[in-house]
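Undergrad: Pasting the sequence and the predicted model now:
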There are 2 protein chains.
Amino acid sequence: MHIAILTFDAFNELDSMIALGILNRIKRQDWRVTLSSPSRTVTSMNGVTVHAQSTLADACEADVVLVGSGMKTRDIASDQNLLCQLKFDPGRQLIGAQCSGTLLLAKLGLLAQVPACTDLITKPWVVEAGVEVLNQPFFARGNVATAGGCLSSQYLAAWVIAKTEGEDAALSALHYVAPVGEKDDYVARAMNNVRPYL
Amino acid sequence: MHIAILTFDAFNELDSMIALGILNRIKRQDWRVTLSSPSRTVTSMNGVTVHAQSTLADACEADVVLVGSGMKTRDIASDQNLLCQLKFDPGRQLIGAQCSGTLLLAKLGLLAQVPACTDLITKPWVVEAGVEVLNQPFFARGNVATAGGCLSSQYLAAWVIAKTEGEDAALSALHYVAPVGEKDDYVARAMNNVRPYL
């Protein structure tokens, strides 16, 4: 199982890293979570440089693709050279997007007739791309999911785990990362957001 | 204002990056948030390599130091050569720790007579170091704060912002990162955790 988290220059650290951390709670030997980038390193919106762990071509072959968010998504979404490297297929992949990543899914034609979640800043651009934007943190239809608001990346990760490893595995991963003294509340709220789409 | 987030090899991505992302919501020109590491690059517990943005010596001079968490904190906490490089002073700095970072504060003598928060795995080691561990996500006394459970790093960041820039700035930063449709709940809960210690 390879889960590729698309991470571009000017990426939002929370959106890529929360999903990566939670998804790595699954300790199966064939479970692999990577940051996928178009270059060997990318630098976040706040100046943090990270090393890519897989290429965009690898992401096209992955079992799961999550599109992270960032300050340059509008540029990426209008870069035909880059877009044509992103060949994702909900017939064989789980596909998710976080915040401005939703705009990329819209431009790739993966949200036709599917309402979506995104952050408040990206919302007008997603609407402009012809997608209905919901006032909720998470939505999925079939194999395509979207989340809005950085900390809703925990819901996207939980959805991936629940869809592939089952609900108990998602509960356990969420429990680990939740604040001490608030774990039951956090897990319950996350699963309330995700369960309708399993 | 320099906020240094201590980040060692085998670091937990959520613990360093959630705080970094939220703290960077403050857009003052003299506001600087950096990952501080003992080497030029460090690699996370899940294989993500990041570039350090400041040194441990820089962290000793910072206005705020947050000690991140990771899988090697017990080794670090028994490495006298490394510990003696960490000269922190709550008289002139805000000092916070996340999860296993609390063990480091304990070893540095910064939690004498101060109860603390940490994650469930680190808890026995912090108790062994003579510190009372609380079953809650956040606690602070004066200029020293601790948080337990990866996602409680939002509370540590909110405490730093509220202490330095005021409560409204903390509310605004939390609102930005909270899930769409749950923002008021998230902000209220975070401030309920932090406000008693301001």
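TA: That came through, no problem. Numbers count the residues shown, from 1 in each chain, chains lettered A, B, ... in the order given.
Undergrad: drop to CA atoms for contacts and neighbour counts, all remaining ones
TA: Noted.
Undergrad: Write out the residues of chain A neighbouring chain B.
TA: A:12-14, A:17-18, A:21, A:24, A:35, A:46, A:48-51, A:53, A:118-120, A:135-137, A:148-152, A:176-182 (C-alpha under 8 Å from any C-alpha of the partner chain).
Undergrad: Which of the residues you listed fall in helices?
TA: A:13-14, A:17-18, A:21, A:176-177 (DSSP state H).
Undergrad: And the helices in chain A?
TA: A:13-23, A:56-61, A:73-77, A:80-83, A:101-107, A:123-128, A:153-165, A:167-177, A:183-194.
Undergrad: Would you mind confirming that A:I3 makes contact with A:E61?
TA: No: assessed by C-alpha atoms under 8 Å, A:I3 is found out of contact with A:E61, at 9.7 Å.
Undergrad: More neighbours: those two, which one.
TA: A:I3 (26 against 17; other C-alpha atoms under 10 Å in any protein chain shown).
Undergrad: that older thread, need the ones in helices among the residues of chain A next to chain B in CSV with neighbour count, distance to A:A129 and pLDDT, can you?
TA: Output for these, formatted as CSV (neighbours: other C-alpha atoms under 10 Å in any protein chain shown; distance: C-alpha to C-alpha, whole Å; pLDDT from 0 to 100):
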residue, neighbour count, distance to A:A129, pLDDT
A:E13, 29, 25, 98
A:L14, 28, 25, 97
A:M17, 25, 27, 98
A:I18, 27, 27, 98
A:G21, 23, 31, 98
A:Y176, 19, 37, 97
A:V177, 24, 35, 97
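Undergrad: okay, among those, which ones form the most distant pair?
TA: Of all pairs drawn from these, the greatest distance, 19.9 Å, lies between A:E13 and A:Y176 (C-alpha to C-alpha).
Undergrad: Chain B versus A:F11, what's the distance?
TA: Per C-alpha to the nearest C-alpha, to the nearest Å, A:F11 is found 11 Å from chain B.
Undergrad: A:A162 too?
TA: 20 Å.
Undergrad: Find the nearest non-adjacent residue to A:W31, please.
TA: Of all residues not flanking A:W31 in the chain, A:M1 sits nearest, at 4.9 Å (C-alpha to C-alpha, 6 or more residues apart in numbering or on different chains).
Undergrad: Sorry, slip of the keys, the one I care about is A:C99.
TA: A:T118 is the one closest to A:C99 (C-alpha to C-alpha, 6+ apart), at 4.2 Å.
Undergrad: ok, that neighbour - contacts?
TA: A:98-102, A:126, A:133-134, A:137, A:146-149, B:180 (C-alpha atoms under 8 Å, 6 or more residues apart in numbering or on different chains).
Undergrad: Ok, A:G21 next?
TA: B:12-14, B:46.
Undergrad: residues near A:T164, how many?
TA: With other C-alpha under 10 Å as criterion, A:T164 counts 15.
Undergrad: Now do it, the pLDDT please.
TA: pLDDT recorded at A:T164 is 98.
Undergrad: now A:Q113
TA: 88.
Undergrad: and the nearest residue to it once chain neighbours are set aside, how far is that from A:I95?
TA: Setting aside the residues directly before and after it, A:Q113 is nearest to A:V131 in space (C-alpha to C-alpha, 6+ apart), at 7.4 Å. Going from A:V131 to A:I95 by C-alpha to C-alpha, to the nearest Å gives 16 Å.
Undergrad: do A:A106 as well
TA: On the measure of C-alpha to C-alpha, A:A106 and A:I95 end up 12 Å apart.
Undergrad: Tell me which of the two has more neighbours.
TA: Neighbour count, other C-alpha under 10 Å: between A:A106 and A:I95, A:I95 has more, with 27 against 22.
Undergrad: Spit out the contact partners of that one.
TA: Counting by C-alpha under 8 Å, 6+ apart, A:I95 touches A:64-67, A:88-89, A:143-145.
Undergrad: quick one: which of these is nearest B:I161?
TA: A:V67 (29.5 Å).
Undergrad: which ones are touching the closest one?
TA: Neighbours of A:V67 in contact, by C-alpha under 8 Å, 6+ apart: A:5-7, A:95-98, A:101-102, A:104.
Undergrad: Then A:F138?
TA: Going by C-alpha under 8 Å, 6+ apart, the list of residues near A:F138 reads A:116-117, A:145-148, A:152, A:155-156, A:193-194.
Undergrad: who wins for most neighbours among those residues?
TA: A:G148 (36 neighbours).
Undergrad: Got the confidence number for that one?
TA: pLDDT, read off for A:G148, is 98.
Undergrad: Look up how far A:L110 lies from it.
TA: Taken as C-alpha to C-alpha, the span from A:G148 to A:L110 is 17 Å.
Undergrad: How about A:L174?
TA: With C-alpha to C-alpha as the criterion, A:L174 and A:L110 are 28 Å apart.
Undergrad: got the contact list for A:H2?
TA: Here A:H2 is in contact with A:30-34, A:62-64 (C-alpha under 8 Å, 6+ apart).
Undergrad: from those residues, which ones fall inside strands?
TA: A:32-34, A:64 (DSSP state E).
Undergrad: Would you mind giving those as a markdown table with neighbour count and pLDDT added?
TA: Conversion of the ones in strands among the contacts of A:H2 to a markdown table gives the following (neighbours: other C-alpha atoms under 10 Å in any protein chain shown; pLDDT from 0 to 100):
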| residue | neighbour count | pLDDT |
| --- | --- | --- |
| A:R32 | 17 | 98 |
| A:V33 | 24 | 98 |
| A:T34 | 25 | 98 |
| A:V64 | 24 | 98 |
